[in-house]
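S.K.: return atomic coordinates for the entry below.
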Amino acid sequence: MTSASRTGTGGARGQNGRGTPPGPPSDLVAAPGYGARRLYQAYLAAWNRHVDPVLTGPQFAVLSAVRAYPDSDQSSLAGTVALDTSTMADVCRRMERRGLIRRVESPHDARRKLLSLTAEGEETFAEATRRTRRLDEALLDGCPPELRAGLAELLNTLGERWESVAARDLP
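M.R.: So this is what the prediction gives:
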């Protein structure tokens, strides 16, 4: 047995033998998906800690869309909040059970569910919005104010582009 295998140096425990993980490989750091996944994981952790550990980002997006477009149907709003229709239906059922939204059948088509916020949904949205704005400020701290709108635009443009790549076969 070598001294390195006995002490754990050089393996998964890192070069210092104290359990410090090594940095990610350079080919991984160069992959945009790795950066996107890191951003997403960090954002989820920050959201859970600073905004709401129960209300999810998709649920917040649904509250925002229902507030902006009251009495719209569930399926139409799914694309607005970047959810597929089956996920949207599941999210809305959970939010209805929590008393955040009302889902009623459309008088013209019983298959369509029209959405509106409850008083509790309005309160939850207002409080989550306040906390979300504080989180946004913390996340963008150090980014010059004149670049912030461009950064949000770039992230949304990348999201649209990556969604289109996901929806088609690659050459």
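S.K.: where's the most centrally placed residue in the chain relative to Ala46, distance?
M.R.: Nearest residue to the geometric centre of the chain (CA atoms, centre = their mean): Gly57, 4.9 Å. Gly57 sits 11 Å away from Ala46, taking CB to CB, to the nearest Å as the criterion. C-beta: built from backbone N, CA, C; applies to glycine.
S.K.: helices along this structure, start to end?
M.R.: Per DSSP state H, the chain carries helices over the ranges 3-7, 26-29, 32-50, 57-68, 74-80, 85-97, 119-139, 145-166.
S.K.: what's the spacing between Ile101 and Met95?
M.R.: In this view, Ile101 and Met95 are 5 Å apart by CB to CB.
S.K.: in the chain, where is pLDDT below threshold?
M.R.: 1-17 (pLDDT under 70).
S.K.: pull the residues that contact stretch 102-118.
M.R.: Contacting residues not belonging to stretch 102-118 are listed as 62-63, 66-67, 70-75, 77, 89, 92-93, 96, 99-101, 125 [CB atoms under 8 Å, 6 or more residues apart in numbering].
S.K.: perfect, that will be all.
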